[in-house]
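Novice: What follows is a predicted structure for the sequence shown.
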Amino acid sequence: MKKILLLNGSPEIDGCIAEGLKEMIGIFKSAGFETELVQVGSAELRGCISCGTCTETGKCIFDDLVNETAPKFEAADGLVIGSPVYYASPNGTLLSFLDRLFFSTGFSKHMKVGAAVVSCRRGGNSATFDALNKYFTISGMPVASSTYWNMIHGFTADDVRKDLEGLQTLRNLARNMVFMVNAIGDAKEKYGLPEVENSEFTCFHDGK
């Protein structure tokens with residue numbers, strides 16, 4: 001069974017992001033996909049300290065929600081990251097979580113489908129959306145799109161329920177993710193995954 005992992009980067013367990021992710025979960029389940037929602041935004045997390053331990057052990061030195069989520073991410077066919085807008089940027093707790101999750105995990109994320117969902121009262125959605133998508137594009141993850149940028153507006157979950165276009169956008173996003181996951185799965189069986197080169201690493205040690 002195909003699986004989608006969803007991350008709620010809001011500290012509000014039943015807030016705006018949760019309302020948007022619920023809309024997507026309904027589509028995933030109707031397509032026969034398994035879903036799991038991880039509550040990130042209210043967790044006690046710290047940022048990466050660049051210790052390098054994960055390159056030796058395969059997991060983060062801080063044994064918290066990051067290490068707990070890592071095997072779920074590895075098993076998933078798609079990842080949805082939801083975040084509120086804080087000063088035109090994602091929630092800081094979520095960013096710390098994502099930095100450590102993506103960096104400390106050595107498994108391939110190649111061709112897992114990614115999608116970012118953002119929520120704000122008025123502005124800052126586009127910048128937040130851009131920041132989250134960069135986790136996918138540095139990892140070989142195809143980014144799912146919709147009929148508008150993946151955003152919902154409102155100050156409360158009740159407000160989001162009134163954002164009919166926003167909810168429609170997220171339903172279309174979920175349908176596109178279902179299609180992409182299924183299509184990639186079929187292509188993987190027929191053709192295999194694309195070759196990935198990773199022998200070059202530009203860092204200019206010699207100063208040239």
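Specialist: Sure, I can see it.
Novice: gap between stretch 138-149 and the chain center?
Specialist: Averaging C-alpha coordinates over stretch 138-149 and over its chain gives two centres that are 10 Å apart (CA atoms, centre = their mean, to the nearest Å).
Novice: Give me the residues contacting that stretch.
Specialist: Here stretch 138-149 makes contact (CB atoms under 8 Å, 6 or more residues apart in numbering) with 78-79, 102, 108-115, 125-126, 129, 133, 135-137, 165-166, 168-170, 172-173, 176-177, 180, 184, 196. Every residue, glycine included, has its C-beta placed from N, CA and C.
Novice: which of those residues count as buried?
Specialist: The neighbour count (16 or more other CB atoms under 10 Å) marks 78-79, 102, 109, 111-115, 125, 129, 133, 135-136, 166, 169-170, 172-173, 176-177, 180, 184 as buried among the contacts of stretch 138-149.
Novice: Those in helices, which ones?
Specialist: Among the buried ones among the contacts of stretch 138-149, DSSP state H puts 102, 125, 129, 133, 135-136, 166, 169-170, 172-173, 176-177, 180, 184 in helices.
Novice: So which residue is smack in the middle of the chain?
Specialist: The centre of the chain sits closest to Ile81, judged by CA atoms, centre = their mean, with a distance of 3.1 Å.
Novice: quick one on the thing from earlier: least trustworthy position among the ones in helices among the buried ones among the contacts of stretch 138-149, going by pLDDT?
Specialist: When those are sorted by pLDDT, the bottom entry is Asn125 at 94.
Novice: ok, and the closest non-adjacent residue to that one?
Specialist: For Asn125, ignoring the flanking residues on the chain, the nearest one in space by CB to CB, 6 or more residues apart in numbering is Met151 at 4.3 Å.
Novice: Now do the one you found: how many residues are near it, please.
Specialist: The tally of other residues near Met151 (other CB atoms under 10 Å) stands at 23.
Novice: tell me the phi and psi of it?
Specialist: Main-chain torsions, Met151, degrees, to the nearest 10: phi -140, psi 150.
Novice: ok, it - contacts?
Specialist: Shown in contact with Met151 (CB under 8 Å, 6+ apart): 117-120, 125-126, 129, 166, 169.
Novice: Tabulate these (TSV), appending distance to Thr147.
Specialist: Shown next, in TSV, are those (distance: CB to CB, whole Å):
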residue	distance to Thr147
Val117	14
Val118	16
Ser119	17
Cys120	19
Asn125	15
Ser126	16
Phe129	15
Gly166	11
Thr169	6
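Novice: Just give me the closest of the residues you listed to Arg46.
Specialist: Distance from Arg46 was checked for each of the contacts of Met151 by CB to CB. The minimum falls on Val118, at 23.3 Å.
Novice: give me the element the closest one is part of.
Specialist: Remark: Val118 resides in strand 113-120, with elements defined by DSSP states H and E.
Novice: Which residue ranges of the chain form helices?
Specialist: Assignment of helices within the chain using DSSP H yields the ranges 16-30, 53-57, 65-75, 92-104, 125-137, 157-162, 164-191.
Novice: Of all those helices, which one is nearest Gly47?
Specialist: helix 92-104 (4.1 Å).
Novice: Can I get the closest one in PDB? Just the C-alpha atoms.
Specialist: Coordinates of the C-alpha atoms in helix 92-104 are reproduced here as PDB (Å, rounded to 0.1, in the frame of the first residue of the first chain):
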ATOM      1  CA  GLY A  92      11.400  27.800  13.500                       C
ATOM      2  CA  THR A  93      10.700  24.500  15.300                       C
ATOM      3  CA  LEU A  94       9.700  23.000  12.000                       C
ATOM      4  CA  LEU A  95      12.800  24.300  10.200                       C
ATOM      5  CA  SER A  96      15.100  22.800  13.000                       C
ATOM      6  CA  PHE A  97      13.300  19.500  12.600                       C
ATOM      7  CA  LEU A  98      13.600  19.500   8.800                       C
ATOM      8  CA  ASP A  99      17.300  20.500   8.800                       C
ATOM      9  CA  ARG A 100      18.100  17.600  11.100                       C
ATOM     10  CA  LEU A 101      15.700  15.100   9.500                       C
ATOM     11  CA  PHE A 102      16.900  15.600   5.900                       C
ATOM     12  CA  PHE A 103      20.600  15.900   6.900                       C
ATOM     13  CA  SER A 104      20.900  13.000   9.400                       C
END
